[in-house]
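K.L.:
okay, predicted coordinates and the sequence, questions at the end:
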Amino acid sequence: MTKPINDQPIILEIISNYGSRHTYKKIKYKHPELYQRILDYANALPRNITWTEKLFMYYYNITTRPGCIVCGETVKAFYSFNRGHSIYCSRKCVARDNLTKQRRQQTIKARYGVDSLVEIRWHR
Ligand SMILES: [Zn+2]
């Protein structure tokens with residue numbers, strides 16, 4: 001796959017002028033060549049994804065959704081142009097990550113008698 005022409009400034013400008021919800025019409029009618037490049041790019045992307053996700057993946061020059069930070073599985077949720085993809089693949093991994101956080105906190109509590117390491121500085 002060839003790297004897309006640098007359309008990032010145009011895309012950013014459209015989003016900052018019209019908001020990320022109105023990019024489809026603006027790009028399709030005002031920038032037909034860019035529109036075509038995004039459509040061509042989308043051939044390499046997963047099927048059944050929204051226009052905004054296509055635009056997002058084109059913008060960041062990625063062709064696959066990122067992996068979950070807990071298990072590495074491909075994430076399924078895409079939120080918005082500004083928020084991008086979810087960092088987890090499932091509720092299970094969200095829960096698992098929370099458990100890890102809790103366990104980390106319990107370890108700190110048991111070791112140092114404080115809730116977080118930031119507090120230690122205050123107790124010294
Ligand atoms: Zn996961």
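P.N.:
Yep, that arrived.
K.L.:
ok, Q8 - contacts?
P.N.:
Y59 (CB atoms under 8 Å, 6 or more residues apart in numbering). To be clear about C-beta, it is placed using only N, CA and C from the backbone, and glycine gets the same treatment.
K.L.:
ok, which residues in the chain are in contact with the ion?
P.N.:
Contacts of the chain with the ion, taken as CB under 5 Å from the ion, map to C68, V70, C71, E73, C89, C93.
K.L.:
for this structure, which helix is longest?
P.N.:
Assignment by DSSP state H gives helix 91-112 as the longest helix of the chain.
K.L.:
what is the distance between that helix and the centre of its chain?
P.N.:
Centroid separation for helix 91-112 versus its chain: 24 Å, with CA atoms, centre = their mean, to the nearest Å.
K.L.:
so what does it touch, helix or strand wise?
P.N.:
Using 3 or more CB pairs under 8 Å, 6 or more residues apart in numbering; DSSP states H and E, no helix or strand is in contact with helix 91-112.
K.L.:
contacts for it next, please.
P.N.:
Outside helix 91-112, the residues touching it (CB under 8 Å, 6+ apart) are C68, I69, V70, C71, E73, Y88, V114, D115, S116, L117, I120.
K.L.:
can you confirm the third one is in a strand?
P.N.:
No: using DSSP: H, G, I helix; E, B strand; the rest coil, the assignment for V70 is coil, not a strand.
K.L.:
quick revisit: in the longest helix of the chain, what counts as buried?
P.N.:
C93, D97, I108 (16 or more other CB atoms under 10 Å).
K.L.:
tell me how many other residues crowd the closest residue to the first one other than its chain neighbours.
P.N.:
Think C93. Nearest residue to C93, sequence neighbours excluded (CB to CB, 6 or more residues apart in numbering): V70, at 3.9 Å. Residues within reach of V70, counting by other CB atoms under 10 Å, total 17.
K.L.:
thanks a lot, catch you later.
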